[in-house]
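Peer 1: Structure for the following, please:
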Amino acid sequence: MLLTKLRSLDRLTRTEQKIAVYFERHLQQLAFDSLAGLSAKAGVSKTSMNRFLMQRLGYTGFGQFKAERQKEIEHRLESPIERYQRRNDGSWETTGIAPTPFQRRIAEYMQHIQNVGAYLDQETLEEAANAISQTDRALYVLGQRMSFSLAYILATNLHYIRSDVFLMRDDHASLPTEIFNTKPGDVLFVISRRRYSENTCRLADYLRRSGLTIVAFTDSEVSPLVPLADVLLVIPSLDAGTFESLGAQVVVIETLALMAADKCRESGKEYFQRAENILTEFFCLIQDSDSPFDSGFLKASDLS
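Peer 2: Predicted coordinates for the structure are as follows:
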């Protein structure tokens, strides 16, 4: 698989990095372009592209590379939408109706998540889950701009299952003060996607030198977080249209939270129960007509 080959490469030149990043972000389109078109879009010469394919990826030339990509497309030709249209007897039902934008997006999501699942290293995923579930060490979660949404999801879920989880604010000015209480042995779960935040990388580098374990969650093998990581998770974004999709990243983040919950379930029984009691106390008041705090909270009747 092409992604596996790309992940095995090391010591890439700047030109090779440009090609690798382009390949990762445009996997679905590689089978349909010429050598000249592919080179131009990646921003390199045809000679550099051919050299990369032959010397770094082991192809005999562009022809073999393109044939392999086309073969992969043939294996994936049956999209999720087409599967929905299959009858129980295995024959096809043609509706004659073009898929809606939502259906096309769902199909792209499902295919991308399947691709990520095919090459995601399960041992690395387990290692990351172990790091974030060690309740004797504080956990700091960092992500800026769009990556902050992923950091928020992870930190919020982990708050339900363990203590000492700190979501660092998406604020350049306050970031240095967020690390005053870090100590060697703590864990930093850092998320960064293109375009990579310089402040995120500088902070991760500082905390690594301060003795923290760095779990890096990024979208490319050429991300500046890669050399800083003790545990590295590379989850490419889906590049389809104007905006990149976070679908696969969200799935992996939620999977990590579930794995951590399983690991903390026995050791953190008291914490689980306390968290459940607090959530029940504060989030069930809207249904409790006998609560002495009814006057200060919105009642269910007020919603109708």
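Peer 1: Spatially, what comes nearest to residue 129 if we skip its sequence neighbours?
Peer 2: Leaving aside its chain neighbours, residue 129 sits nearest to residue 259 (3.7 Å; criterion: Cβ to Cβ, 6 or more residues apart in numbering). In this view, the C-beta of every residue, glycine as well, is placed from N, C-alpha and C.
Peer 1: So for that neighbour, what pLDDT did the model give?
Peer 2: Residue 259 carries a pLDDT value of 93.
Peer 1: Distance-wise, check it relative to residue 233.
Peer 2: Distance of residue 259 to residue 233, given as Cβ to Cβ, to the nearest Å: 12 Å.
Peer 1: between these two, who's got more neighbours?
Peer 2: residue 233 (22 against 17; other Cβ atoms under 10 Å).
Peer 1: Quick one: classify the more buried one as helix, strand or coil.
Peer 2: strand (DSSP: H, G, I helix; E, B strand; the rest coil).
Peer 1: Could you check the pLDDT of the closest residue to it other than its chain neighbours?
Peer 2: Excluding the flanking residues, the one nearest residue 233 by Cβ to Cβ, 6+ apart is residue 217, at 4.8 Å. Residue 217 carries a pLDDT value of 94.
Peer 1: Tell me the secondary structure of residue 217, please.
Peer 2: strand.
Peer 1: neighbours around it, how many?
Peer 2: Using other Cβ under 10 Å, residue 217 is surrounded by 29 other residues.
Peer 1: That one reaches residue 191, doesn't it?
Peer 2: Yes: contact criterion Cβ atoms under 8 Å: residue 217 and residue 191 qualify, at 4.5 Å.
Peer 1: Need the overlap of contacts for these two.
Peer 2: Shared contacts of residue 217 and residue 191, defined by Cβ atoms under 8 Å, 6 or more residues apart in numbering, are found at residue 150.
Peer 1: quick one on the thing from earlier: my guess is the residue nearest to residue 129 is in a helix, correct?
Peer 2: Yes: judged by three-state DSSP, residue 259 forms part of a helix.
Peer 1: what bits of this structure have low per-residue confidence?
Peer 2: 28, 72-97, 239-243, 266-269, 272, 283-304 (pLDDT under 70).
Peer 1: So it: which segments form each domain?
Peer 2: Listed by automatic domain parsing, the domain ranges of the chain are 1-77, 81-92+100-119, 122-267, 269-304.
Peer 1: residues in contact with stretch 215-222?
Peer 2: 6-7, 9, 12, 17, 20-21, 24, 128, 131-132, 150, 187-194, 196, 204, 223, 225-226, 228-237, 249, 252-253.
Peer 1: Just the buried ones from those residues?
Peer 2: Buried members of the contacts of stretch 215-222, scored by 16 or more other Cβ atoms under 10 Å, are 6-7, 12, 20-21, 24, 128, 131-132, 150, 187-193, 196, 204, 223, 225, 228-229, 231-237, 249, 252-253.
Peer 1: residues of stretch 33-50 that come out buried?
Peer 2: By neighbour count with 16+ other Cβ under 10 Å, stretch 33-50 contains the buried residues 33, 35, 38-39, 42, 44, 48-50.
Peer 1: For residue 100, state which of those is nearest.
Peer 2: Of all those, residue 33 has the smallest distance to residue 100: 27.6 Å, by Cβ to Cβ.
Peer 1: and the closest residue to that closest one other than its chain neighbours, how far is that from residue 202?
Peer 2: Nearest non-adjacent residue to residue 33, counting by Cβ to Cβ, 6+ apart: residue 41, 7.2 Å away. Residue 41 sits 31 Å away from residue 202, taking Cβ to Cβ as the criterion.
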